[in-house]
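Here is a sequence with its predicted model. Questions after.
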Amino acid sequence: MIIPFKISQLEVRHTKVKYIIIHHTACQYTNPDTKVDNMKFQMTGISSGVLEKKEPDINYHYIIDKIKEDFHVISCRPFVTLCDFPDINQDMNRKSIHVAMMGSYDFKIPHKRLIEVLAYRLLNPFLKIYSINPERILFHSDVSNNKDETCPGLFADKTIITSMTRRFLLK
């Protein structure tokens, strides 16, 4: 399935990035396939969710997905454009890069290799490029005005992600 990518419909960021917000892909798309934690259905479910919502593309800058035997970073939209989450303050959205871990972590613990790839290939470069402190890595549930939001999942642990990020921190 080809995802329609319409860059002209995306709003461009005019402020400096100050936060990185972590999600899981089960939080945004209502298509039931995105809730099924299986590689075979996840990306197809997200694509269908995009088409159903008539959005120009996937509403994350990056998704980390398991492809064959390892986890890989998939670029979903240019990081100079804004992601729009209605339950997150617009000012916070404008200052954030949104990264999603493929899957639902309300039901299982994220794989250690997933956290390593997240920390080493995404979080560290952005911390360095934008001079962001690791304390500015936030979960969607931290910044959501929906108090019932659990994204990136009940089993995602910010302490583990932050410590792994610090372990790989580029000097």
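Yep, that arrived.

now the strands for the chain?
If DSSP state E is used as the criterion, the strands of the chain fall at 19-24, 62-67, 70-75, 96-101, 137-139.

Same list (these) but as JSON lines, adding distance to Gly153 and mean neighbour count.
Bear in mind the C-beta positions are built from the backbone N, C-alpha and C, glycine included. Shown next, in JSON lines, are the strands of the chain (distance: least, Cβ to Cβ, whole Å; neighbours: other Cβ atoms under 10 Å):
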{"stretch": "strand 19-24", "distance to Gly153": "5", "mean neighbour count": "24"}
{"stretch": "strand 62-67", "distance to Gly153": "13", "mean neighbour count": "20"}
{"stretch": "strand 70-75", "distance to Gly153": "16", "mean neighbour count": "14"}
{"stretch": "strand 96-101", "distance to Gly153": "8", "mean neighbour count": "26"}
{"stretch": "strand 137-139", "distance to Gly153": "9", "mean neighbour count": "20"}
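
Kindly state which of the ones you listed is positioned closest to Glu149.
Of all these, strand 137-139 sits nearest to Glu149, with 9.0 Å by Cβ to Cβ.

and that closest one, what's its mean pLDDT?
The average pLDDT within strand 137-139 is 96.

Direction included, what does it pair against?
Take DSSP bridges as the rule and strand 137-139 pairs in its sheet with strand 19-24 (parallel).

Identify the residue nearest Phe79 in space, chain neighbours excluded?
In space, and not counting its chain neighbours, Phe79 is closest to His61: 4.8 Å by Cβ to Cβ, 6 or more residues apart in numbering.

To what extent is that neighbour buried, counted in neighbours?
His61 sits with 24 neighbouring residues when counted by other Cβ atoms under 10 Å.

change the start of the numbering to 25 and stick with it
Okay, residue one is now 25; in that scheme the one you just asked about reads as His85.
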